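K.L.:
Have a look; sequence and predicted model below, questions after that.
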Amino acid sequence: MVTVGICDDEKQQRTMLRRIAESYFQLLGQEYRVEEYEDGECLLRKVQQDPYGTDIIFLDIQMSGMDGVETARRIRHFSREAVLIFVTGYEDYVFHGYEVGALNYIVKPYAREKITLVLDEAVKRLEMDCQRCLPVQQGSCLSKVPVREIRYLCSQLRKIVLYTVNGQLEFYGKLGEVQKQLPGCFVRTHQRYVVNLAYADEVRPNQVLIGKDSIPVSKKYSQELSGAFARFLLQQ
């Protein structure tokens, strides 16, 4: 299922965009859900609670309260994966999209053809992201775990415990070798731990907080981890 978020402080604009998006996914035969947000604060709260819960976000740049650009910057602190599409009445604002990795932009009044093309791009991006998986061998069974669902990894003797958004998974392997198969947001914090910075709520000198879990940080990796986390936030 694809979840689409539409953030605009004008109800009429949200409704128009919702109808076009719903028509698009119905013709595509794709399961979907459309959620509306009347301001950036509401959207940001949702993303904080569930960083991977919204796949595509249409974000109006000019809104009362927190504007779309600032909302996008804050979203990127919690979600690298969400596909951002700016909505604006003025093309002068388009350059802001490069700062936050926006996929594209649409200009009001909405043109169905333009939105369809942008949604085509967004769906392709999502398909590419979904294909990024970590192969896991358990006995004679080989399974694939979506990288975006991995929160952190822990080495226990000859086994690795994978902590994902859906629970735990154990398999034999070496932590260093597994880390090489993962993107740069996966960083070593300890001889036995690797964390996905996309899920890190707070990085401290001796621990990383991921939800209710506290992952230890050794002196050996502390400085490197702090630098990686700072760069990660700047890239969002």
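P.N.:
Yes, it's here.

K.L.:
And the residue nearest to Arg18 when sequence neighbours are not counted, how far from Gln26?
P.N.:
When the adjacent residues along the chain are set aside, Arg18 lies closest to Val34, with 5.2 Å between them (C-beta to C-beta, 6 or more residues apart in numbering). Quick note: C-beta positions are derived from backbone N, CA and C, even for glycine. Going from Val34 to Gln26 by C-beta to C-beta, to the nearest Å gives 11 Å.

K.L.:
Pick out whichever of the two has more residues nearby.
P.N.:
Val34 (18 against 10; other C-beta atoms under 10 Å).

K.L.:
Buried residues, the helix or strand in which that one is found. List them.
P.N.:
For Val34, the host element (DSSP states H and E) is strand 32-37. Buried positions in strand 32-37, judged by neighbour count with 16 or more other C-beta atoms under 10 Å: Tyr32, Val34, Glu35, Glu36, Tyr37.

K.L.:
quick one on the thing from earlier: what is the residue nearest to Arg18 paired to in the beta sheet?
P.N.:
Taking DSSP bridges as the rule, Val34 bridges to Val4.

K.L.:
Looks like it contacts Ile6 (just checking).
P.N.:
Yes - counting by C-beta atoms under 8 Å, Ile6 is a contact partner of Val34 at 6.6 Å.

K.L.:
average model confidence for stretch 7-16?
P.N.:
The average pLDDT within stretch 7-16 is 95.

K.L.:
ok, the residue sitting furthest away from the middle of the chain - contacts?
P.N.:
The outermost residue of the chain, judged against the average C-alpha position, is Ser140 (32.2 Å), by C-alpha atoms, centre = their mean. Applying C-beta atoms under 8 Å, 6 or more residues apart in numbering to Ser140 gives no contacts.

K.L.:
Lowest-scoring secondary structure element of this protein by mean pLDDT?
P.N.:
Lowest mean confidence among the helices and strands of the chain (mean pLDDT, DSSP states H and E): strand 141-146, at a mean of 81.

K.L.:
Next secondary structure after that one?
P.N.:
Strand 141-146 is succeeded, C-terminally, by strand 150-156 (DSSP H and E).

K.L.:
Touching that next one from outside, list them.
P.N.:
Under C-beta under 8 Å, 6+ apart, the answer for strand 150-156 is 134, 160-165, 174-175, 178-179, 182, 186, 191-196, 199, 208, 210-211, 213, 215.

K.L.:
Could you check the pLDDT of Tyr93?
P.N.:
Value for Tyr93, per-residue pLDDT: 55.

K.L.:
which SS state does the residue lying closest to Asp39 once chain neighbours are set aside fall under?
P.N.:
Closest residue to Asp39 apart from its sequence neighbours, by C-beta to C-beta, 6+ apart: Gly65 at 5.2 Å. Following DSSP: H, G, I helix; E, B strand; the rest coil, the label given to Gly65 is coil.
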